[in-house]
Each structure stands twice: as C-alpha cells, then as structure tokens.
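Colleague: Whatever this is, show me its structure:
(one chain, ligands or ions: 1)
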Amino acid sequence: MPADPFTLADSRVRVHQVLDAKDNLIWVLEDPQSGTAAAVDGPSASNVQAFVEAHDLRLTTIFNTHTHPDHIGINRGYERRGQLSSMTVIGAASRADDIPGLTRAVKEGDEVGFGDATFEIIETPGHIDGHICFAGHGVVFCGDTMFAGGCGYLFDGPASAMKHSLSKLAALPAPTRVCCAHEYTQDNLRFAWLVEPDSEALAARIRDVWKIRAEGGCTVPSNIGLERATNPFLRWHAPTLRRRVCERMGLLDDATEEEVFAATRALKDRKDHREITDEMLPLCGPSLA
Ligand SMILES: [Zn+2]
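Modeller: Coordinates of the predicted model:
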C-alpha cells in the first residue's frame with residue numbers, strides 16, 4: 001500500500017508514490033494544470049504508465065538519480081514503447097553516456113523544474129559515481145544515497161565521499177521529506193538498534209515503523225530531523241554508536257568520525273543485525289505519534 005500523496009509549491013504540484021518490483025518506490029509528480037507527470041527513477045515503465053493512465057495524465061519527464069538498472073529501467077521501458085525521445089530526461093552530466101534518452105545533463109547547484117516546482121541538484125557520490133539528489137519545496141528525492149534509517153551500499157565509494165554526501169542531505173531543514181527509492185526501513189532500524197540500543201528516539205521509531213508495516217503501509221517518506229536523530233549513518237558522533245561500532249570492528253577509541261562511519265557501513269554489510277529478532281526489539285512503549 002503506497003503512502004498518501006502530498007503537495008508542493010502551494011499545492012500546484014502533487015507527489016504520488018508508486019510501488020514497483022520488490023521494494024522500489026517511484027515518485028510521480030503531477031502537474032494538475034497541464035495534466036502532465038514526471039517520474040523520479042523506476043525499475044520499469046509499466047507501473048508508472050498504468051498510474052498515469054488511471055489518473056488521465058501524460059508522462060513528460062524523467063528524473064534519474066543514478067544509473068543502476070532499477071533506476072534507469074523506466075527510461076529503457078519508455079524507449080521500447082517509442083516514447084522516450086519525446087520526453088525530458090534529467091540526469092548527472094558526469095554519467096551522461098549511461099542515461100538513456102538524457103536531454104538535460106546537470107551538476108551541483110543546477111536547478112531543474114517541473115510544473116511550478118524547482119529543484120536544486122545535490123551531487124552525492126558514494127553509492128555510485130554520479131549519484132545526484134533533487135531538493136526543493138521541503139522535499140529531497142535522494143535515490144539510494146539516504147534511506148529511511150540507512151544508506152546505500154558503497155559500490156563506488158569511498159566511505160569518505162558517502163559521509164560527505166550524507167552530511168549535505170543532513171544539513172537540509174529538519175522537516176524536509178526524505179523520498180528515497182526503496183522501502184528497507186525495518187532492516188535498517190534492526191541494524192540501528194544493534195549500534196544504538198539506548199536511544200529513546202530510535203525505540204519510538206521502531207514501534208512506529210513495525211506498526212505501519214504490520215498494517216501493510218509504507219514508511220517512506222521520513223524526514224531529515226528523524227534521520228538525524230535515528231539513522232546510524234548520520235550518527236558517527238553519538239557516544240553509544242561509536243563505542244559499539246569500535247568494539248565490534250576492532251577500532252581504537254580515538255577513531256575519527258570518518259573511520260567510525262566506514263566501520264558502521266562495513267558492520268551493516270556483515271549482517272550481524274539479522275540475528276536480532278523482533279522479540280529483542282523495543283516494540284512496547286510510547287510511539288512518536
Ligand atoms: Zn542504486
């Protein structure tokens with residue numbers, strides 16, 4: 001069940017969530033004045049096309065955060081339908097050759113528009129070279145850089161680049177909606193509890209997320225304030241997280257924040273946290289709501 005739609009730019013643009021594949025979240029922006037729509041990423045064109053047809057819209061624009069197949073699959077899908085060449089396709093200039101149908105190559109600080117909304121490009125390498133995010137109107141479309149309670153794998157890395165990228169997103173205003181590209185929140189928070197089990201904010205978030213998932217809902221978008229408080233990949237300064245990551249990964253107490261971040265990512269990759277059962281989580285007690 002997708003999350004409820006929300007609006008931006010004085011309600012002149014509506015943002016819908018469309019589910020696709022196993023856990024992909026596609027964001028579809030609707031401009032009601034023109035009856036057009038834009039999609040942010042997608043593993044295929046099929047669910048987005050079904051959505052726009054059901055809402056009597058026409059997809060004119062694709063925003064690509066990065067070049068993994070489950071993000072540019074939508075470009076290839078519309079290419080097969082013969083429709084890509086008439087669309088605006090916005091993606092990273094540094095990966096221009098890898099983005100099917102690219103018409104607008106962008107870099108840090110550029111602005112792109114859809115309807116009455118304008119988004120600024122934030123370059124966020126780390127998950128993959130050439131990853132970008134689109135930020136504006138209290139929303140950030142952040143692909144696989146930041147997830148609700150987590151971050152993407154370091155395929156291209158290095159960890160220092162990813163830490164810097166996440167720091168840029170964490171500096172956005174606290175209410176900014178975090179519109180990431182996957183629903184991985186339960187696994188992410190299971191790991192968060194491994195490294196910060198004394199956090200009340202995290203305990204409350206775990207209760208909220210488990211309840212939403214039990215009811216078949218989606219836990220995305222979250223917001224930057226909640227991520228700063230509970231996302232282990234933004235909490236290299238937190239004493240408990242530092243201590244627990246250093247212990248498990250064999251780091252000394254004087255490890256730098258960058259070393260703690262890299263070790264946090266490496267620890268999650270080990271998947272020790274999958275041994276934490278629901279019975280070991282703080283599922284009783286007050287929620288955030
Ligand atoms: Zn990816």
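Colleague: Alongside the ion, which residues does this structure contribute?
Modeller: Selection of the chain residues close to the ion by C-beta under 5 Å from the ion yields 68, 144. Any C-beta I mention is one placed from the backbone N, CA and C, and that applies to glycine too.
Colleague: quick one: the helices in the chain?
Modeller: Using DSSP state H, the helices of the chain run over residues 46-54, 69-80, 159-170, 185-195, 200-214, 224-230, 239-249, 257-270.
Colleague: which other residues reach the fifth one?
Modeller: Outside of helix 200-214, the residues within contact range by C-beta atoms under 8 Å, 6 or more residues apart in numbering are 148-149, 185-186, 189, 192-193, 196, 218-219, 226, 229-230, 278, 281-289.
Colleague: what angle sits between it and helix 185-195?
Modeller: 150 degrees (axes from the mean of the first three to the mean of the last three C-alpha atoms, to 10 degrees).
Colleague: Quick check: buried residues in helix 200-214?
Modeller: Buried residues in helix 200-214, counted by 16 or more other C-beta atoms under 10 Å: 202-210, 212.
Colleague: Isn't residue 119 up against residue 111?
Modeller: Yes - contact status for residue 119 versus residue 111: in contact at 6.9 Å, counting by C-beta atoms under 8 Å.
Colleague: what about this protein, any weak spots by pLDDT?
Modeller: The model of the chain has pLDDT under 70 over residues 288-289.
Colleague: Which residues are in contact with residue 251?
Modeller: 245, 259-260, 263.
Colleague: how about the most centrally placed residue in the chain, what does it touch?
Modeller: The residue lying closest to the centre of the chain (C-alpha atoms, centre = their mean) is residue 180, at 2.0 Å. Residue 180 makes contacts with 25, 142-148, 220-221, as judged by C-beta under 8 Å, 6+ apart.
Colleague: residues touching residue 165, list them.
Modeller: Contact analysis of residue 165 by C-beta under 8 Å, 6+ apart lists 123-126, 131, 145.
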